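>>> Build me a model:
(one chain, ligands or ions: 1)
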Amino acid sequence: MKLNRKSSAHILALAAASALLLIAGCRQDMQDEPKMFPQRGTTMFADGRSVRPQVEHTVARGQLDQDQYFYTGLIDGKEQNMMPYPVTLEVLERGQERFNIYCTPCHSRVGNGDGMIVERGYKPAGNFHDPKRMGEPLSHYFFVITNGYGAMPDYSSEIKPVDRWAIAAYIRALQLSQDATMADVPAGVQVQNLKDIAEKDGLPASYAGPWPIAVDTDANALPKAGIYAGAPGEAAASSQSQRDKASETNAAAGKTAASH
Ligand code: HEC
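Residues are numbered from 1 along each chain as shown. Just a heads-up that it's a prediction; the model follows:
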């Protein structure tokens, strides 16, 4: 078949137009890739989630978690009194930092269970200095952070296992700091009396006094609805002066621990 000039020009124009369309199509695809964005929904999966949960009974690379004690704090289902890695000053400092971020709101800086949230009506958090908790094996602290305990939520998604252990080690240091005797002081080191320090620095006598310990009663067994609905501090307003006193002594106690 022989094409005349006019119709071949037509075909050429048509080819050019479809080529342009094709190129535009490609460009569109490149610019707007059919990929999933984090936290954005999709119609592709029945549950609408673009971020897929891990397939059950599978182990992703780097998730083998072979060291059972490191990840669970248990050996044969029992808590143990040992660290899964050596404790250095660096580990304790990391533990102190993480403890002060995640635990003090409820347990207070000295770990007596009378943190700010407790003072505002939350169930008193465990006092790390009572005989029962002093006697707990070290991995108990790891286990509680990992799994929660009673009214305390777990912190497994916020705190990595390595840091949970660092916190556990720091809690031991905290316990020791409040329960040390003269026998623990290395030879040749002089210990100053806290009362003398307070007097010298012109601090109130309560600086060196004992801390108040939160008391568990039915009334504060659960967070009060008023705390969330009302103005901050409203729920505990009646015991305002008591709380003032408590935080004063707490601050003092925190200072004691920090100066060790
Ligand atoms: C939101 C407040 C809150 C925070 C934050 C919190 N706890 Fe607690 N914790 C509690 C309460 C409340 C209890 C007492 C639970 C009960 O008796 O129902 C408790 C109890 C405990 C106990 C005692 C368990 C026992 O054997 O009696 C340990 C150990 C503990 N917490 C460790 C921690 C550590 C470590 C952190 C920081 C990673 C932390 N908690 C953060 C509220 C908190």
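
>>> Any idea which residue of the chain lies closest to the ligand?
The minimum distance from the chain to the ligand, using C-beta to the nearest ligand atom, falls at Gly150 (2.1 Å). From N, CA and C alone the C-beta is placed, and that goes for glycine too.

>>> How many residues are close by the closest residue to that residue other than its chain neighbours?
Excluding the flanking residues, the one nearest Gly150 by C-beta to C-beta, 6 or more residues apart in numbering is Lys123, at 7.7 Å. For Lys123, the count of nearby residues is 18 (other C-beta atoms under 10 Å).

>>> The chain should start at 657 in everything you say after this.
All set: I'll call the first residue 657, so the last point we hit is now Lys779.

>>> my guess is Thr802 meets Gly729, correct?
Yes: with contact defined as C-beta atoms under 8 Å, Thr802 reaches Gly729; the gap is 6.5 Å.

>>> Determine the residues that are contacts of both of the two.
The contact sets of Thr802 and Gly729 do not overlap (C-beta atoms under 8 Å, 6 or more residues apart in numbering).

>>> Looking at these two, which one has more neighbours?
Gly729 (26 against 18).

>>> Look up the closest residue to Leu850, ignoring the ones flanking it.
Ala864 is the one closest to Leu850 (C-beta to C-beta, 6+ apart), at 4.1 Å.

>>> Assess the claim that the one you found and Ala854 are in contact.
Yes: Ala864 lies in contact with Ala854 (C-beta under 8 Å); the separation is 4.9 Å.

>>> the helices in the stretch 707-856 of the chain, which residues?
724-728, 745-758, 760-763, 772-775, 787-790, 795-803, 817-834, 850-856 (DSSP state H, counting those that start in this stretch).

>>> which bits of the stretch 657-806 of the chain sit near the ligand?
758-759, 761-763, 773, 778-779, 781-782, 789, 792, 797, 800-801, 805-806 (C-beta under 6 Å from any ligand atom).

>>> Whichever of those residues end up buried, select them in ChimeraX.
Applying 16 or more other C-beta atoms under 10 Å to these leaves a buried subset, and the ChimeraX line that selects it is:
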select :758,759,762,763,773,778,779,781,782,789,792,797,800,801
